[in-house]
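**Q** only geometry, no sequence info:
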């Protein structure tokens, strides 16, 4: 998951640390932000929303890291005959799976010239700022995002399953299996 995690909701918490083998425990109270008149339920809704999409962002990154390893592995394979055809087919099937997860921006202006994909469109998560309770419009957007995310993860995991057959053929030919071919639990 990302290095930052959603901020906790107002309440009393116990903080436990161990320093040089010595356990320390203190209670602390997180107070409501005086600039907002949110209810506890609204704070909780903002937290749950941010937590969900922090996890989703991490899952997208996990799939993309695996896809990067898969691409590198497929590109390095020196197969011939029918096995080369299988490798080429796996490489060809890779691109649309990758594209479902990211627009793969390389320059600052790429986002101006073309729309994002899942990674670039993860619903607002409150990273580094105020964790607002989600609005009706945001909740409507998340329905569409969640459908696209579920479809992308399903496609990714199906693709990984197809690589199992290829890995069996590679092993039989004495070649290294495709690296990174791991499913991701959505």
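**A** Arrived safely, thanks for sending. These figures come from a predicted structure and were not determined experimentally.
**Q** you'd agree residue 120 is up against residue 111?
**A** Yes: between residue 120 and residue 111 there is a contact under Cβ atoms under 8 Å: 6.9 Å. In this view, the C-beta of every residue, glycine as well, is placed from N, C-alpha and C.
**Q** looking at those two, which is more packed in?
**A** Taking other Cβ atoms under 10 Å, residue 120 and residue 111 do not tie; residue 120 has more neighbours (16 against 12).
**Q** and the more buried one, what does it touch?
**A** Going by Cβ atoms under 8 Å, 6 or more residues apart in numbering, residue 120 touches 102, 103, 105, 111.
**Q** pull the distance from the lowest-mean-pLDDT helix or strand in the chain to the chain's centre.
**A** Lowest on mean pLDDT, DSSP states H and E among the helices and strands of the chain sits helix 110-113, with a mean of 73. Between the centre of helix 110-113 and the centre of its chain there are 21 Å (Cα atoms, centre = their mean, to the nearest Å).
**Q** that older thread, looking at the contacts of residue 120, which is nearest residue 162?
**A** Distance ranking of the contacts of residue 120 against residue 162, using Cβ to Cβ, places residue 102 first at 20.6 Å.
**Q** which element follows the helix or strand hosting residue 55 toward the C-terminus?
**A** Secondary structure assignment for residue 55, by DSSP states H and E: helix 40-76. Once helix 40-76 ends, the next helix or strand along the chain (criterion: DSSP H and E) is helix 81-101.
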